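Chemist: structural data only, the sequence is not supplied:
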């Protein structure tokens, strides 16, 4: 079973005087697809991948074997839990997979 996560950048206004708009420029809306059901999460580029992982797990109410799951790029590269959303270079339209990690599952 896999969860596919696609990233879509939030659009902010060019009005630099508005703090709310500045916050949106650092956010990404992630579409999480689990068993054919899509739900959205908004994350900041400074958020840790481990935070995104836990939010994706909670979004669908996954209760078993949570500790074995990881996020992967569409190329199959595992995203490091201690990396940030920005460092992982998640961009508009990119898909991320949530699946069991061979390292974590042992």
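Modeler: Cool, got the structure. None of the values given here were measured: they were computed from a predicted structure. Residues are numbered from 1 along each chain as shown.
Chemist: can we go C-alpha only for contacts and neighbour counts from here?
Modeler: OK.
Chemist: buried set for the strand or helix carrying residue 54?
Modeler: If you go by DSSP states H and E, residue 54 is part of helix 49-59. For helix 49-59, burial by neighbour count (16 or more other CA atoms under 10 Å) applies to 49-50, 52-53, 56-57.
Chemist: and stretch 63-74, end to end?
Modeler: Distances were taken as CA to CA, to the nearest Å; on that basis the terminal residues of stretch 63-74 are 25 Å apart.
Chemist: need the contact partners of it.
Modeler: Residues external to stretch 63-74 that are found in contact with it (CA atoms under 8 Å, 6 or more residues apart in numbering): 49, 53, 57, 78-79, 94-102, 104-105.
Chemist: so of the residues you listed, which ones are in helices?
Modeler: With helices taken from DSSP state H, the overlap with the contacts of stretch 63-74 comprises 49, 53, 57, 102, 104-105.
Chemist: list the contacts of residue 50.
Modeler: Applying CA under 8 Å, 6+ apart, we find residue 50 in contact with 80-83.
Chemist: roughly how far apart are it and residue 84?
Modeler: Using CA to CA, which is the criterion applied here, residue 50 is 8 Å from residue 84.
Chemist: now do residue 46
Modeler: Between residue 46 and residue 84 the distance is 5 Å, computed by CA to CA.
Chemist: these two: who's more crowded?
Modeler: When residue 46 is set against residue 84 and neighbours are counted by other CA atoms under 10 Å, the residue ahead is residue 84, at 20 against 13.
Chemist: what pLDDT does that one get?
Modeler: pLDDT, residue 84: 94.
Chemist: how about residue 47?
Modeler: Per-residue confidence at residue 47 stands at 93 (pLDDT).
Chemist: hmm, residue 85 and it touching each other?
Modeler: Yes. Applying CA atoms under 8 Å as the test, residue 47 and residue 85 come out as touching, 5.7 Å apart.
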